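A.B. asks: A structural model of the following input is requested.
(one chain, ligands or ions: 2)
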Amino acid sequence: MKSSKRLFLILLVGMLWLSGCASKSINQMDTEQNEQENHESIPDTQEKTAAINELPSFLEGQTERTINIYAGVAKFPDLVQLVPCYCGCMETLGHQSNLNCFIQRINQDGTVVWTDHATRCETCLDIAATTIYEMNNGKTIKDVREIINQKYNQ
Ligand SMILES: [Zn+2]
Ligand SMILES: [Zn+2]
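C.D. replies: Numbering: from 1, shown residues only. Ligands and ions are numbered 1, 2, ... in the order given. All right, here's what the predicted structure looks like:
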């Protein structure tokens, strides 16, 4: 009871913090309450590794595509951090960008806390894959955000 109250507070702070960039209407907030329950029924697995080029062991047994996208995010975290995620995680899980679907945080000592959220979320995987693919094709980050916005934000 106590911890769920704290979680709610963290989510609330996250939402307030995000409200600047994510201008959602009240109605949208209502429908996302349901998604929140779905997300919470499967708690994320987190794993800490010594450095960003060391992928978490929970990727064992995942598809090659999933592993490749995690590796891509590990190569371009600064890029992926500039792109929002549209799976609902920014509202329900307090993610600050698509990066948080793969990496919870990068510590000052270089250690990385990974999350397996994206292994279960096609939207997160696809957004990161699109970001990396389009940037490799010479698109600017502004173009990439527009492409992803058009594809998912509807
Ligand atoms: Zn997701
Ligand atoms: Zn996400």
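A.B. asks: what does this structure have sitting close to ligand 1?
C.D. replies: Within the chain, the positions near ligand 1 by C-beta under 5 Å from the ion are Cys87, Cys89, Cys121, Cys124. Quick note: C-beta positions are derived from backbone N, CA and C, even for glycine.
A.B. asks: Check the second one and give its pLDDT.
C.D. replies: So the one you mean is Cys89. Listed pLDDT for Cys89 reads 91.
A.B. asks: Over to the one 3 residues further on?
C.D. replies: We have a pLDDT of 90 for Thr92.
A.B. asks: residue contacts, the spatially most central residue of the chain?
C.D. replies: Centroid-nearest residue in the chain, with C-alpha atoms, centre = their mean: Cys101, separated by 2.4 Å. Contacts for Cys101 (C-beta atoms under 8 Å, 6 or more residues apart in numbering) come out as Cys85, Cys87, Cys89, His95, Thr115, His117, Ala118, Cys121, Cys124, Ile127, Ala128.
A.B. asks: And Thr115, by the same measure?
C.D. replies: Applying C-beta under 8 Å, 6+ apart, we find Thr115 in contact with Asp44, Thr45, Gln46, Asn100, Cys101, Phe102, Ile103, Gln104.
A.B. asks: Out of the residues you listed, the closest to ligand 2 would be?
C.D. replies: For these, the closest approach to ligand 2 (C-beta to the ion) belongs to Cys101, at 3.5 Å.
A.B. asks: nearest spatial neighbour of that closest one, skipping sequence neighbours?
C.D. replies: Excluding the flanking residues, the one nearest Cys101 by C-beta to C-beta, 6 or more residues apart in numbering is Cys124, at 3.8 Å.
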